[in-house]
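[1] quick one, what's the 3D model for this:
(chains A and B)
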Amino acid sequence: MAIGGLVLPFLFLWTLLTWPVAGNAAADAPVRVLRVLAWPGYADRDVVKGFETRHLVKVDLTLVDSDEALWEKVSADRGANIDVFAVNTAELQRYIDEGLVRPIDVTTIPNTRRQLPRFRDLTRIAGLTRDGKAYGIPYTYAEMGLIYDRNQFPTPPDSIAALWDPQLRGRVLAYDTGGHNFSLAALRLGSQSPFRIEAADWPEAVDELIALRRNVLGFYTRPDEATELFIRHRVALMFANYGRQQVQALKAAGADIGYTIPKEGALAWLDCWAVSRATADSALAYAWIDYTLESHVSRLLVSRQGLANTIDEPPTDGADRRLIWLEPTEDAERRDKLWARIVSGDSAKRVLAP
Amino acid sequence: MRLGIAQRFALIFAAIGILASGFAGYYAYRASRVLLVRAAEARLLTATRVLMRQVTVAFDDSARNVKLLAGHPLALTALSTTEQHRSAAEDGLAVLFREMARTRPEMFQIRLIAAADHGRERVRIDRDDNGPIRIRDDELQEKGHLPYVYDTLRLPAGDLYLSRAFINRERGAHAGEGQPSLHMAAPIHDDRGKPVGAVVVNIDLAGIFHQLAIDLPDDVRLYLATDRGDFLLHPDLAQAFAFDKGKRALVQEQFPAAAALVDGQARDVVVSTEGPEPTRGVVATFIRETLSAPQREANFILGLSQSKATVLRESDDLGDAMLRIVVGVSILSAVLATLLARAVTGPLDQMVLAVQHFAATRAREPLPVSRRDEIGVLARSFDDMQQQIESQMETLQNKQRELDHLASHDALTGLPNRRVFLDRVEHALVRASRTELQLAILFIDLDHFKEINDSLGHAVGDTMLLAVADRLRATVRAADTVARMGGDEFIVLIEDVESATTASMVANKIIESLAVPVTYRDEQLAIGASIGIAIYPRDGLSTTEIVAAADQAMYRAKLGGRNRYCFATYPGDADTMPLGL
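    Numbering: from 1, shown residues only, chains lettered A, B, ... in the order given. So this is what the prediction gives:
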């Protein structure tokens, strides 16, 4: 009888049974990571997945819901934590001023050829170029109109003054931001240049915003939060910071609402992709921008969010719109600081304190 | 390498012993790990439940305190429109709030907020590094646009507002600023049931949980998540309040089993994961609980986890013990197997030895014939066989001896025959050449034997030959050889002959003894002999030479007149010697 014939299977079995459960020791190979900073609805999970699968990278997506938050995140560590981010043309200026963004070579983004002509000629869009270099690629835009409850408004409100209407007290929702709200206050005060508040006009603007604070139910930041508050508290009027994106969301939630552009005009923003100067992988950042301009991605902005994209002409509803495209404000930092005090409930005196 | 039966047996028995103990040990080790993990799960679940119980008690306690403050008469007075009473009531309430804050470290902030004046704070106690401080006058803020005010004012009396967990970003919130917090508020209604204000307490979320979890062992980690699964507390700080930083970190993503809690399909789940810590390779339990408040925000998920490495440490000890037992049993089984193999193969070896010895020497060694087993049977059979072989060998040897005798001796006289004689001469010559002694060959031929044999018959001849053989044997020394060469010829070998004289003396004695007639049936038959003598080395050096020389001498003796002897050579003397000369 061959002993080996017995001993070998025994040893094999023994080894098999006592072999330590090997951990997945093989360290994952380092994966390129693209850090994207975007707004709700700009890069849904499936969109991100599609990019990750195509380029075999990982996308680290962070959502922002205010210009202040965006500035805070990008300017931290001089942009070292971000590769590509979406910012409106007005806000872009301070990023260029601070040297936080890098010029974009449009030829590296072939899908810009799909864009409508007015979005391709970057020199004609205020704030996108400086010294002949492009700093942003337009992605989506919206105007910030007014959303109203049809049941509480027999006729649509025609002025932003409705936000201050004491009749609507506790039934108004506004957006929690310094930048746009001071512009809104300036428009309300009849200013022709809402992005340039003169030194003498600050107290008046602060008073207006305190009055707004006293008239609203509250201030929202995210579109989903706004929808929830609107429905739960039977809100009558809302300043739609995200424009038609919110109209679509509210209608989907079953609200009977209308959307109007007030006679003073509507602030409008054009969000662009900008690339952080500190990025270590600009090629991947350009690939991301190129990817978002593909029609199946860009059209999701329309179909899912109600936003506009830059590759299709939006359907005209015949309304005469007066759009006030956002511009850099006289002092974004001051607006943010004063707004933080206003929204915390301070009096005018304390808001204006140094 | 060839292995003997004993080694094979030992190996097989040892292998069986090692296998049995090894398998038993291994499966016991495996089972112990499963049991330990289960025990840890049960322990953690209990701990989580206890902790949850403490949390709900703490929240209920805080809620009671908030309601108590809201129901205090001073609160209503402080909210009244009469300026005069209001101030004193505010001061009184401030003292109350301060005491409350002093004894309740989890309260960051306690405020009385009026419905009037756009939700203006009336009494506000904050907490800074030195403890509770009162905020006064124009530092008080309007909070009417914040949900904890407008939502609370819409609640019926006796209800409680509970916010979602959040990071406090209100300016001027002192110790609470930037901290994970929770707003708890109770409305205050006037006599007519109209909401006139609220007591709002800002709860230190992290503090309250860490306080409760302080008794947990060091290796137990605490998790807290909202009803949607967003982490509020997490061992990895980056995962807590990720939603506040524009990200999501969800309990159901890190612990997929917890999805049942988020969906509301389960109240508690037990998770066991593999991989690196902190969220992999742990045993964890999660419980979903609703605090006693009406809002959905009151749902949350609490969890505890413990590293598997810690849980399984005891099992490693057990594994060591098992290993020692397995090794011990293996050695023991190897020893036992060796002994057993020896017990079987010992008697076999004994028999092998006996067979080998028997084959070599035909001597019989002791066999284990007394055993009652198969080996005993074998031994007895072998013993019988040995006996049989022995007796057959004996018979064979006897036959052999007889044959040998027949081949070397004359059948009638019993004397050695020619062949044996020549062989002995050969040997004697060798000895003689070595000792330098002489030897003599006496060739004897009976006189007139043929006439007797022909006239009186063979029986007479045979009787004569027998008588001659007897007389020759009696005449020579025992050491000398007498042989019959055939017919009436005899030959004698005398060794150690000093001289020819010795040979002649023997020849004389022979002639004398043969001179006596042989009696046959009362008849006296006379015989006589002619003898030829050859001496070595004088008459020849080889057997053939010397025997031939003796033969020729005998012929000369016969020719010389018979009944005499004659030397092959006899210098100086007569060629032949007649008897008596």
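[2] I figured A:Tyr242 was touching A:Pro223, is that so?
    Yes. Assessed by CB atoms under 8 Å, A:Tyr242 is found in contact with A:Pro223 at 4.8 Å. In short, each C-beta sits where N, CA and C put it, glycine included.
[3] what is in contact with those two at once?
    Common contacts of A:Tyr242 and A:Pro223 (CB atoms under 8 Å, 6 or more residues apart in numbering or on different chains): A:40-41.
[4] setting aside sequence neighbours, what's the nearest residue to A:Tyr291?
    A:Phe51 (5.1 Å; CB to CB, 6 or more residues apart in numbering or on different chains).
[5] in terms of helix, strand or coil, where does the one you found fall?
    Per DSSP: H, G, I helix; E, B strand; the rest coil, the local secondary structure of A:Phe51 is helix.
[6] in contact with it, which residues?
    Shown in contact with A:Phe51 (CB under 8 Å, 6+ apart): A:34, A:57, A:59, A:287-288, A:291.
[7] pop the domain breakdown of the chain in here.
    Reading this off chain A. The record's domain parsing of chain A by automatic domain parsing lists A:33-140+A:269-314, A:143-267+A:327-352.
[8] um, chain B though
    Split by automatic domain parsing, chain B gives B:46-310, B:409-578.
[9] isn't A:Ala162 up against A:Leu146?
    Yes. Using CB under 8 Å, A:Ala162 is in contact with A:Leu146, at 6.9 Å.
[10] now the common contact residues for the two.
    A:237, A:262.
[11] against chain A, how distant is B:Ala58?
    Relative to chain A, B:Ala58 is positioned 28 Å away (CB to the nearest CB, to the nearest Å).
[12] ok, that residue - contacts?
    Under the contact definition (CB under 8 Å, 6+ apart), the residues listed for B:Ala58 are B:106, B:208, B:212.
[13] could you dump the domains of chain A into JSON lines with mean pLDDT added?
    Shown next, in JSON lines, are those (pLDDT from 0 to 100):
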{"stretch": "domain A:33-140+A:269-314", "mean pLDDT": "89"}
{"stretch": "domain A:143-267+A:327-352", "mean pLDDT": "90"}
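[14] about what we covered before: just the buried residues from the contacts of B:Ala58, in ChimeraX please.
    In ChimeraX, a selection of the buried entries from the contacts of B:Ala58 looks like this (16 or more other CB atoms under 10 Å in any protein chain shown):
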select /B:106,208,212
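[15] what's the closest of the contacts of B:Ala58 to B:Ala249?
    Of all the contacts of B:Ala58, B:Ile208 has the smallest distance to B:Ala249: 20.7 Å, by CB to CB.
[16] on the pLDDT front, check the closest residue to that closest one other than its chain neighbours for me.
    Counting by CB to CB, 6+ apart, B:Glu106 is the residue found nearest to B:Ile208 once chain neighbours are left out, at 4.2 Å. Per-residue pLDDT puts B:Glu106 at 84.
[17] thought B:Glu106 was touching B:Asn202?
    No. If you go by CB under 8 Å, B:Glu106 and B:Asn202 don't touch, sitting 9.7 Å apart.
[18] hang on, the earlier thing: so which of the contacts of A:Phe51 is surrounded by the most neighbours?
    Comparing the contacts of A:Phe51 by number of neighbours (other CB atoms under 10 Å in any protein chain shown), A:Trp288 comes first, having 25 neighbours.
[19] by contact count, what packs against the host helix or strand of B:Ala309?
    Using DSSP states H and E, B:Ala309 sits within helix B:308-311. Under the contact definition 3 or more CB pairs under 8 Å, 6 or more residues apart in numbering or on different chains; DSSP states H and E, helix B:308-311 sits against helix B:5-71, strand B:282-290.
[20] can you pull the contacts of A:Leu184?
    If you count contacts by CB under 8 Å, 6+ apart, A:Leu184 has them with A:160, A:163, A:194, A:212, A:239, A:267.
[21] compute the number of surrounding residues for the fourth one.
    A:Leu212 is surrounded by 22 other residues when neighbours are defined as other CB under 10 Å.
[22] please apply the same query to A:Ile324.
    Around A:Ile324 there are 18 residues (other CB under 10 Å).
[23] assumed it was part of a strand.
    Yes. Assessed with three-state DSSP, A:Ile324 lies in a strand.
[24] isn't it right up against A:Leu267?
    Yes. Using CB under 8 Å, A:Ile324 makes contact with A:Leu267 at a distance of 5.2 Å.
[25] anything in contact with each of those two?
    Contact criterion CB under 8 Å, 6+ apart; residues shared by A:Ile324 and A:Leu267: A:183, A:187, A:194.
[26] who's in contact with B:Gly158?
    The contact partners of B:Gly158, taken as CB under 8 Å, 6+ apart, are B:67, B:186.
[27] tell me where the stretch 451-581 of chain B has strands.
    Using DSSP state E, counting those that start in this stretch, the strands of the stretch 451-581 of chain B run over B:481-486, B:489-497, B:518-520, B:523-525, B:528-536, B:564-567, B:577-578.
[28] got CSV for the ones you listed, with mean pLDDT too?
    Below are these laid out as CSV (pLDDT from 0 to 100):
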stretch, mean pLDDT
strand B:481-486, 89
strand B:489-497, 89
strand B:518-520, 84
strand B:523-525, 83
strand B:528-536, 90
strand B:564-567, 88
strand B:577-578, 45
